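Colleague: got a predicted structure plus its sequence, pasted below:
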Number of protein chains: 2
Amino acid sequence: MLRNDYPGQICSVAKSLEVIGERWSLLIVRDVMNGNRRFGEIQGSLGVARNVLSARLQHLVEEGILERRAYHENPPRYEYFLTDKGLDLWPALIALLSWGDKYSAGPEGPPRLIVHKECGGVVSERGICESCGKLLHARDARQVAGPGFEAALAAGESSAD
Amino acid sequence: MLRNDYPGQICSVAKSLEVIGERWSLLIVRDVMNGNRRFGEIQGSLGVARNVLSARLQHLVEEGILERRAYHENPPRYEYFLTDKGLDLWPALIALLSWGDKYSAGPEGPPRLIVHKECGGVVSERGICESCGKLLHARDARQVAGPGFEAALAAGESSAD
DNA sequence: CTCACTCGGTTGCTTGATGCAACCAAGTGT
DNA sequence: ACACTTGGTTGCATCAAGCAACCGAGTGAG
């Protein structure tokens, strides 16, 4: 039995986890969403083992979540981009980010904030702009350093952005 | 290095995944949310190995996501309940469910639907009732069989509810 | 009173995934 | 000519997951 399947489950949560539930997969998607597109960038940012990253990227491409495009021929050099299917993982990432912020952030506040590109408002747990009230999608928002960023840095964690 | 940590990551997504990113953890939370509270029920529903389930339940209790209560003394028998921290994972589960529905459901439609208890409306990807427009939380909704349920059953998957 | 069964696990073994370091191929820079 | 970069692959050691067997304390059937 493979590691990444949950046999006999009817729930779509299980289906989702079969695709992006493996260790590192969701963090790779998040990394690409934040602009890290190349093998070396992602590897450096996450600290994931290179063989594992290679396997995950291949899997995510097969699943239609990432797309691999050559930015240089000979020697071939590639960049990874999110497809619409990959971008649709944004609400799940936002939900996990918010949960982590709520229960793991230090007293300084969350290390990262998601802001609405258009109006600069902070994006809520449900992916709604707290300033203008719009329901957002992946392309409408970007990540910036939050109030707890410096503290997290000082705690010996790498910048990785 | 432990399996469940992502060292050097400042992002709260990584923090969340350190807690609920291990295989089976999120499905256990979902199972308890759906009313499976006992070891045997969860084990039968998920088909997870008993030693792994034991380890995950213990971990989730330590993390304050589940609470273990005795419903019978001598021999001790326990039930697991979600804490507020556990219930707060609902938006993330909804997001993953919706993503799975969108990309893995058959032509019949999703196998499960989340409905608003109060008005019976279907709950959207962001945990908002499509009927009355309210922003919902875990206790406001419940899971029911969806249009694709029978098809999923016929596809040889277990009922597990 | 005994035997089978339930419930909530634990233990031991096997298999498979992950982490790490070394290596490689095709350029580029100095 | 030699080191460095990029995007990997390969081999090996370790750790986690799956499986089956077992256990302790009751409960129900005959």
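Modeller: Now that the structure is in, tell me what you want to look at.

Colleague: what distance do you get for the most centrally placed residue in chain A to A:Ile42?
Modeller: To find the centre residue of chain A, average its C-alpha atoms and take the closest one (CA atoms, centre = their mean): that gives A:Arg30, at 1.1 Å. When CB to CB, to the nearest Å is applied, the distance between A:Arg30 and A:Ile42 equals 10 Å. Backbone N, C-alpha and C define where each C-beta goes, glycine included.

Colleague: for A:Lys15, same thing?
Modeller: For A:Lys15, the distance to A:Ile42 (CB to CB) stands at 25 Å.

Colleague: between these two, point out the one with more neighbours.
Modeller: Shown here are A:Lys15 and A:Ile42; by other CB atoms under 10 Å in any protein chain shown, A:Lys15 has more neighbours (24 against 21).

Colleague: any idea how far B:Glu62 is from the more buried one?
Modeller: With the distance defined as CB to CB, A:Lys15 ends up 29 Å from B:Glu62.

Colleague: and the longest helix for chain A?
Modeller: Using DSSP state H to assign secondary structure, the helix with the most residues in chain A is helix A:90-104.

Colleague: could you give the average pLDDT over it?
Modeller: Per-residue pLDDT over helix A:90-104 has a mean of 97.

Colleague: which helices and strands does it pack with?
Modeller: helix A:25-33, strand A:112-116, helix B:12-20, helix B:90-104 (3 or more CB pairs under 8 Å, 6 or more residues apart in numbering or on different chains; DSSP states H and E).

Colleague: try 10 Å
Modeller: Secondary-structure packing of helix A:90-104 (3 or more CB pairs under 10 Å, 6 or more residues apart in numbering or on different chains; DSSP states H and E): helix A:25-33, strand A:112-116, strand A:141-145, helix B:12-20, helix B:84-87, helix B:90-104.

Colleague: re earlier: pretty sure the residue nearest to the centre of chain A sits against A:Leu46.
Modeller: Yes. Under the criterion of CB atoms under 10 Å, A:Arg30 lies in contact with A:Leu46, with a separation of 9.3 Å.

Colleague: what residues are shared contacts of the two?
Modeller: Common neighbours of A:Arg30 and A:Leu46, counting by CB atoms under 10 Å, 6 or more residues apart in numbering or on different chains, are A:36, B:9, B:14.

Colleague: quick one: which of those is most hemmed in?
Modeller: B:Ala14 (25 neighbours).

Colleague: got a list of what A:Pro107 touches?
Modeller: Contacts of A:Pro107 by CB under 10 Å, 6+ apart are A:147-148, A:151.
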